[in-house]
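Novice: Quick one, fold the following:
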Amino acid sequence: MLSFFRRTLGHQSLRKHAEKERLREAQRAPTHIPAAGDSKSIITCRVSLLDGTDVSVDLPKKAKGQDLFDQIMYHLDLIESDYFGLRFMDSAQVAHWLDGTKSIKKQVKIGSPYCLHLRVKFYSSEPNNLHEELTRYLFVLQLKQDILSGKLECPFDTAVQLAAYNLQAELGDCDLAEHSPELVSEFRFVPIQTEEMEIAVFEKWKEYRGQTPAQAETNYLNKAKWLEMYGVDMHVVKARDGNDYSLGLTPTGVLVFEGETKIGLFFWPKITRLDFKKNKLTLVVVEDDDQGKEQEHTFVFRLEHPKACKHLWKCAVEHHAFFRLRGPVQKNSYRSGFIRLGSRFRYSGKTEYQTTKTNKARKSATFERRSSKRYSRRTLQMKANTGNPEELSVHSNVLTQNDDSQQAWGVKSTVPVMPSPPCGLVLVEIENLPRSSGIDQHDKKWVSASSDCCQRGGNQWHPGAWPLTQTAHSNYTDFVHEQNVKNSGFHHDIHFPDHSAMTEI
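Specialist: Numbering: from 1, shown residues only. Have a look, this model is predicted:
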């Protein structure tokens, strides 16, 4: 009996000691925000900000996610907060956004301290609509991380211009008496940074003389918004045959990728149903057939983990609500019976329309820009006045770029699926989709003439089924950006019919 008590009390003392050590480590953060009350009734959260600093926040044990988010926004003095969110990883290594309506302890299982990261949650479809300089600065920091990590692929010429804007915003005008091309090597801009690129960045930096940090950051965002994958939230889905597909959530709709190739784009107005069950996500898309009748197509995607499936579903619901609605969907005040089916999750924040119309820039708002991390300087072998650098790609998955033009992404325009009758519901398992056999020159355009229609069970998807057919011969990026600009203020609801198998959202 005595040995049992010794073991029990010994384990408890070890756990208490480890808990105290974790709390001390969290409170060693450069900024610590204490909470009122007894230390036994608080939890400690450590939030990594976009500038690389950490903030330690003490909150009551029953605090909800919104309490922590409000503390971080107050610390940053950020009013355009709806574009941002707090992200954490669960035990299954699935990333989640902190839900402001739920308790922190019930969501973040690993702690204390509970570690989270401040991130841009919704990339503005038009960065010029961002009112405050601080918001634009945080967007630039997020995009720098996306490009450096390889998440956002960037062609060589664009990467050079963005890096030059970064130097102009951080160091000011290029002074040849003080600055040299070797200085560029102290910064990291892309995953594979070569000497040729650093010389090109130095030459481009000299052209931006006279721009203030705010102007350089605005120009950075206006350049980055034209990147092919700007603002695309990618999620990997798995098929039974082992083939990987990717779903990209955008302000315009849902992109479908097979490897590096786009094979589909489902516009939000065309999506009528969005459902999940365990590790299966279901999309129902409506199109018009040759006779003008609506035809429904059901697409089923599978994920490796049920938590990843629910996370994808929640992200899709939030993207639709933020970019397509004038205001969030109101929750029903009544409860239908004692048993409820599915999730009651709904997006509760402001939409982009509300954020753009209601938030106004303050007359005086000051903040401090932090310096980027520096690395050891390299000795450049080439001269700074070297001509055009050889054509390079900053990511192994990006096509080689020419100096005078950029090549559009190849897109597979036809997607054969299971045969279907002219009307009714068609169920298409994503694992039954055939693999792409390659891309020829005729398939280089995303939306082109009648030969660029998607085959759905023998029925063509004519260009008339897609919005804004006057952009049929324009680049896909221009088309999507034009759609994004028009998204703000356009109201369209997804219909979720009453069905016992449907998830309530």
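Novice: so where do the helices sit in this protein?
Specialist: Using DSSP state H, the helices of the chain run over residues 2-27, 65-76, 104-107, 133-149, 156-171, 181-184, 195-207, 213-224, 306-324, 352-358, 476-487.
Novice: Name the stretch among those helices that sits most buried.
Specialist: helix 156-171 (a mean of 23; mean count of other Cβ atoms under 10 Å). Using the backbone N, CA and C atoms, a C-beta is placed for each residue, glycine as well.
Novice: that older thread, please identify which of the helices of the chain is closest to residue 373.
Specialist: Set against residue 373 and scored by Cβ to Cβ, the helices of the chain come closest in helix 133-149, at 10.4 Å.
Novice: Give the burial count for residue 52, as a bare number.
Specialist: Using other Cβ atoms under 10 Å, residue 52 has 12 neighbouring residues.
Novice: ok, now which ones touch it?
Specialist: Counting by Cβ atoms under 8 Å, 6 or more residues apart in numbering, residue 52 makes contact with 370, 373.
Novice: circling back to that earlier point, switch the helices of the chain over to TSV; also include distance to residue 47.
Specialist: Listed next are those as TSV, based on distance: least, Cβ to Cβ, whole Å:
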stretch	distance to residue 47
helix 2-27	10
helix 65-76	6
helix 104-107	11
helix 133-149	14
helix 156-171	24
helix 181-184	31
helix 195-207	32
helix 213-224	23
helix 306-324	20
helix 352-358	22
helix 476-487	29
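Novice: Confidence-wise, which of those is weakest overall?
Specialist: The stretch with the lowest average pLDDT out of the helices of the chain is helix 476-487, scoring a mean of 52.
Novice: shaky segments in the stretch 201-350 of the chain?
Specialist: Counting by pLDDT under 70, the stretch 201-350 of the chain shows low-confidence ranges at 239-241, 327-346.
Novice: could you redo the last one with a cut-off of 50?
Specialist: Flagging of the stretch 201-350 of the chain using pLDDT under 50 yields the residue ranges 333-341.
Novice: again, but for the stretch 351-500 of the chain
Specialist: Using pLDDT under 50, the flagged stretches of the stretch 351-500 of the chain are 386-476, 480, 487-500.
Novice: that older thread, can you check which of the helices of the chain gets nearest to residue 291?
Specialist: Nearest to residue 291, of all these, is helix 476-487, at 27.2 Å by Cβ to Cβ.
Novice: quick one: residue 166 and residue 377, what's the gap?
Specialist: The gap separating residue 166 from residue 377 is 17 Å, by Cβ to Cβ, to the nearest Å.
Novice: Specify the stretch among the helices of the chain that is closest to residue 91.
Specialist: Here helix 306-324 is closest among those (Cβ to Cβ), at 9.4 Å.
Novice: which helices and strands does the closest one pack with?
Specialist: Using 3 or more Cβ pairs under 8 Å, 6 or more residues apart in numbering; DSSP states H and E, the elements in contact with helix 306-324 are strand 95-97, strand 233-238, strand 244-249, strand 271-277, strand 280-288, helix 476-487.
Novice: pull the CA atoms of that helix into CSV?
Specialist: Extracted in CSV, the C-alpha atoms of helix 306-324 (Å, rounded to 0.1, in the frame of the first residue of the first chain):
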residue,chain,number,x,y,z
PRO,A,306,-12.3,11.9,-40.8
LYS,A,307,-10.9,15.0,-39.0
ALA,A,308,-9.2,16.1,-42.3
CYS,A,309,-12.5,15.7,-44.1
LYS,A,310,-14.4,17.7,-41.6
HIS,A,311,-11.7,20.4,-41.7
LEU,A,312,-12.0,20.6,-45.5
TRP,A,313,-15.7,20.8,-45.3
LYS,A,314,-15.6,23.6,-42.7
CYS,A,315,-13.0,25.5,-44.8
ALA,A,316,-15.3,25.3,-47.8
VAL,A,317,-18.3,26.5,-45.9
GLU,A,318,-16.3,29.5,-44.6
HIS,A,319,-14.8,30.4,-48.0
HIS,A,320,-18.3,30.4,-49.5
ALA,A,321,-19.7,32.5,-46.8
PHE,A,322,-16.9,35.0,-46.6
PHE,A,323,-16.5,35.6,-50.3
ARG,A,324,-20.0,35.1,-51.7
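Novice: so that helix versus strand 233-238, what angle?
Specialist: 140 degrees (axes from the mean of the first three to the mean of the last three Cα atoms, to 10 degrees).
Novice: still on that earlier bit, of the helices and strands packed on helix 306-324, which is nearest residue 326?
Specialist: helix 476-487 (10.9 Å).
Novice: ok, residue 212 - how many residues close by?
Specialist: Neighbours of residue 212 (other Cβ under 10 Å): 12.
Novice: check contacts around it.
Specialist: By Cβ under 8 Å, 6+ apart, residue 212 has no neighbours at all.
Novice: Repeat that for the one 5 residues further on.
Specialist: Contacts for residue 217 (Cβ under 8 Å, 6+ apart) come out as 133, 136, 137, 140, 165, 169.
Novice: Let's see that with 7 Å instead.
Specialist: 136, 137, 140, 169 (Cβ atoms under 7 Å, 6 or more residues apart in numbering).
Novice: ok, now residue 224?
Specialist: 143, 162, 230.
Novice: Residue 326: which of these is nearest?
Specialist: Closest to residue 326, out of all of the contacts of residue 224 and judged by Cβ to Cβ, is residue 230, at 23.9 Å.
Novice: Name the nearest residue to the closest one, ignoring sequence neighbours.
Specialist: Distances taken as Cβ to Cβ, 6 or more residues apart in numbering place residue 224 nearest to residue 230, at 6.0 Å, with adjacent residues excluded.
Novice: will you turn the contacts of residue 217 into a markdown table that also has distance to residue 126?
Specialist: Shown next, in a markdown table, are these (distance: Cβ to Cβ, whole Å):
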| residue | distance to residue 126 |
| --- | --- |
| 136 | 12 |
| 137 | 17 |
| 140 | 16 |
| 169 | 20 |
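Novice: number of nearby residues for residue 87?
Specialist: When neighbours are counted by other Cβ under 10 Å, residue 87 registers 15.
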